[in-house]
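Trainee: Give me coordinates for this.
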Amino acid sequence: MKKTKILVGVAVITVAGFFAIAADHIDAPAVTGGTNDITDFYAFQGQDNNNIVFVANVQGLLSPTATQNAKFDENTMIEINIDTDGDAVEDLVIQAIPKDGKMYFFGPVAPAQAGLMSTVRTSGMSSSVGITAAGANAVVATNAGMSFFAGPRDDPFFFDFDQFNAILAGTATGFNDPGTDKFKGTNVLSVVVEVPKTMIGGSGNINSWVETKRKQ
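Mentor: Below you'll find the model as predicted:
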């Protein structure tokens, strides 16, 4: 499967022990409400200090009812890009592809080529996990020191969207404390991968970003 179009990309930088996030809710008109819309990407040191955790969330603002019916798009690959030498070019990728109720993972492995085109790296380490159903206990798979999860989760991002719009409109001058979480009670579809630092450069000092890529 080759990527012919990047739908959304969100970049973060993470250093061992540092927690970084970037969010993209309801502000990407080309994909808003679609199965390819990335809402957040998180990268942080795991509970085991020797590991890094990557979390890619898609399909934001799902109501409880919509969550029951939400599915990962089987024509979309979620690709986590990892730059280990600071040149803002991916040296490794972790690819996640849903199929028949499972999420299949490939990597971390060197990409076939850097940039806009991607090929599924089936020659790399492969793993899979059953996609957790809405309301069910989390299904987690492990392989070679890595851990994997895919399924719906409560949206962890807090944002007072109405107050933000009021500030833009000039009817407010700042945010309230604590404000109102516009995303409270909504869900996302999450892909989570925990990886030993030894598999992604050793130190955990990396640049990382995520892309969704459709098969065409």
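
Trainee: For Ile38, list each beta-bridge partner.
Mentor: Taking DSSP bridges, one finds Val58 as the beta-bridge partners of Ile38.

Trainee: and it, how many neighbours?
Mentor: The local packing count at Ile38 equals 26, with neighbours defined by other CB atoms under 10 Å. Using the backbone N, CA and C atoms, a C-beta is placed for each residue, glycine as well.

Trainee: was I right about it contacting Gln59?
Mentor: No - Ile38 lies out of contact with Gln59 (CB atoms under 8 Å); the separation is 9.1 Å.

Trainee: Give me the contact list for the longest helix along the chain.
Mentor: For the chain, the longest helix by residue count, based on DSSP state H, is helix 161-169. Under the criterion CB atoms under 8 Å, 6 or more residues apart in numbering, residues 25-26, 172-176, 179-180, 182-183 lie in contact with helix 161-169.

Trainee: chain center to it: distance?
Mentor: On the basis of CA atoms, centre = their mean, to the nearest Å, the separation between the geometric centre of helix 161-169 and that of its chain is 27 Å.

Trainee: Please tell me I have it right and Ala112 contacts Ser118.
Mentor: Yes - taking contact to mean CB under 8 Å, the distance of 7.2 Å between Ala112 and Ser118 places them in contact.

Trainee: tell me the centre residue of the protein?
Mentor: In the chain, the residue lying closest to the centroid (CA atoms, centre = their mean) is Ala56, at 1.0 Å.
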